[in-house]
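Trainee: what shape does this take:
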Amino acid sequence: MNISSTINPDLDTTGVKPKAKDVAILKANATKIDEPGHVWVSWNPSSESCDENQPACLKCKRHDVVCNYGPSIIKKISDRSDMGSSTAEEPGTDKIPDFPETAERRLQELTLLHHYTTNTSRTISFTTSTNYDQATIDMFTQTVPSIALTNVALLYSIYSISSFHLNHSTIAPSTSTSTGTSNPSFLTAYTYLDQTLRLHRQEIQHLTPLTADAICLTSSNLRICAFAMLQQRSRIPYTAPIDWLRINRGASMAFKAACLCIVLSRDVDVDFHNINPSEEALKKSVAWMFVRRMPVLADHSEIFVEANAGKFAHLLRRTEGDLASEEWDGEIEGAYRSTVCYLGYVYKHIEAKDDPATITRLLIGFPYFIEQRFVELVAEEQPRAMVLLAVVFALFVRIRKIWWIGNCGDKEVRGIFGMLGDEWGGVKEEIGDLVREGEEDVYEFL
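Mentor: So this is what the prediction gives:
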């Protein structure tokens with residue numbers, strides 16, 4: 001799969017407080033206010049490419065709308081689907097094709113929704129026996145399905161996650177293939193993911209406070225789907241997991257925009273480290289339930305403190321060979337430095353034996369916290385970028401018991417090692433130590 005980048009450089013979140021730059025950007029992009037509290041926001045991330053010849057593309061150039069998710073991801077997902085009607089689109093129409101209405105489909109969707117509410121939803125709450133969080137469990141088991149009944153994109157994302165979970169539960173590791181397409185539930189997962197991406201792309205064009213929670217939750221679900229796909233991808237030959245990075249990054253930016261949209265509509269100035277807004281609507285927002293639980297989602301400044309680089313600062317050092325051949329400028333150095341600070345910040349939490357749920361959220365948020373330039377360096381498979389990515393995946397080993405994470409951490413590390421030259425031998429040993437450390441400290445979730 002080949003997902004076009006969805007990131008607007010103007011919305012790079014590194015060290016910027018939303019109540020300053022980001023809210024100003026949203027105000028600048030507001031297209032109209034048609035009634036009190038109903039602010040339409042033009043979400044305008046840039047795209048690297050848009051191939052109008054691909055049938056999965058919704059003709060964004062011709063209709064003068066922004067392509068938030070590259071067309072090839074939808075096309076590749078659709079190619080895996082066994083529902084032909086979901087991949088065809090009549091020329092000259094904007095309507096998103098739907099599935100045929102059949103008794104089989106109704107039973108399938110009821111089964112998927114039931115499986116999500118009774119099984120899958122608990123697996124994404126990151127609750128442990130020692131730190132039981134009933135409020136979070138209730139949010140995923142009750143609130144999210146309730147909102148999904150009013151938003152098709154969110155509902156389809158639930159169907160997709162539930163299908164991925166069923167695929168994981170019914171296929172033994174020894175019999176699963178690199179693509180997983182032999183299992184009907186896996187094909188169903190891709191079919192609903194195709195539809196989710198199409199609908200989600202349209203919704204974020206006209207983000208409002210009324211749809212912000214659903215968009216936020218859909219974005220969160222897309223990240224889970226991206227991880228589930230990461231487990232299944234072929235690594236022979238090994239290539240950088242750029243699709244995983246891009247879909248996570250794009251979904252994360254939509255998540256951020258949804259949170260800011262709520263603040264903008266209520267004209268509330270929020271202290272992200274002491275979130276106790278008087279606005280009742282803000283208190284009830286599911287998007288802000290995420291942020292209240294983890295304020296660093298809104299204000300990243302504490303992550304990108306130079307002191308955080310600590311343990312991984314040496315990964316920025318350049319040899320004479322690097323000076324002669326490595327692509328380098330201020331922007332590249334900044335992208336590497338911010339990534340190293342992120343890694344050090346996460347590792348400090350690990351060393352301090354912090355709540356596993358907090359550490360897990362920081363880890364899966366990796367594509368959200370890094371700079372877009374780092375994503376580009378990974379796409380180019382620059383050795384230093386791949387080394388830093390290997391460190392991230394080494395840290396993922398400790399959360400491998402989450403079904404949609406699984407063994408992707410050590411698999412990706414092994415793949416990256418095969419790309420690196422002998423000059424990185426010492427660093428590879430250090431990363432191997434991180435993998436072994438994670439294997440001895442695997443987190444247990446409900």
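
Trainee: domain map for the protein?
Mentor: 9-294, 306-439 (automatic domain parsing).

Trainee: by mean pLDDT, show me the worst of the ones you listed.
Mentor: Of all those, the minimum mean pLDDT falls on domain 9-294 (a mean of 70).

Trainee: burial count for Leu377?
Mentor: Residues lying near Leu377 (other CB atoms under 10 Å) number 25. In this view, the C-beta of every residue, glycine as well, is placed from N, C-alpha and C.

Trainee: check contacts around the residue nearest to it when sequence neighbours are not counted.
Mentor: Spatially, and ignoring its direct neighbours in sequence, Leu377 is nearest to Ala385 (3.8 Å; CB to CB, 6 or more residues apart in numbering). Residues near Ala385 by CB atoms under 8 Å, 6 or more residues apart in numbering: 336, 374, 377-378.

Trainee: and Ala385, which helix or strand is it part of?
Mentor: helix 383-396 (DSSP states H and E).

Trainee: how far out from the middle of the chain is that helix?
Mentor: With CA atoms, centre = their mean, to the nearest Å as the basis, helix 383-396 stands 17 Å off its chain's centre.

Trainee: likewise for stretch 116-125?
Mentor: Relative to the centre of its chain, stretch 116-125 is centred 18 Å away, using CA atoms, centre = their mean.

Trainee: now that stretch: buried residues?
Mentor: 116-117, 120-125 (16 or more other CB atoms under 10 Å).

Trainee: one step back: out of the contacts of Ala385, which sit inside helices?
Mentor: Mapping the contacts of Ala385 onto helices (DSSP state H) picks out 336, 374, 377-378.

Trainee: kindly reformat these as JSON lines and extend each row with distance to Ser162.
Mentor: Converted to JSON lines, the ones in helices among the contacts of Ala385 look like this (distance: CB to CB, whole Å):
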{"residue": "Tyr336", "distance to Ser162": "38"}
{"residue": "Phe374", "distance to Ser162": "32"}
{"residue": "Leu377", "distance to Ser162": "35"}
{"residue": "Val378", "distance to Ser162": "30"}
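
Trainee: looking at these, which is nearest Ser234?
Mentor: Val378 (17.7 Å; CB to CB).

Trainee: that closest one touches Ala390, doesn't it?
Mentor: No: contact criterion CB atoms under 8 Å: Val378 and Ala390 do not qualify, at 10.9 Å.

Trainee: higher neighbour count, the two?
Mentor: The neighbour comparison of Val378 against Ala390 (other CB under 10 Å) goes to Ala390, with 27 against 22.

Trainee: show me what contacts that one?
Mentor: 412-413, 416-417, 428, 431.

Trainee: same check on Arg398?
Mentor: Contacts of Arg398 by CB under 8 Å, 6+ apart are 350, 359, 437-439, 441-443.

Trainee: helix/strand/coil for it?
Mentor: helix (DSSP: H, G, I helix; E, B strand; the rest coil).

Trainee: would you point out the most distant pair within the contacts of Ala385?
Mentor: Pairwise across these, and taking CB to CB, the largest span is found between Tyr336 and Val378, at 11.2 Å.

Trainee: report the buried residues of the helix or strand encompassing Tyr368.
Mentor: Element membership of Tyr368, judged by DSSP H and E, is helix 366-369. Within helix 366-369, the residues that count as buried by 16+ other CB under 10 Å are 366-369.
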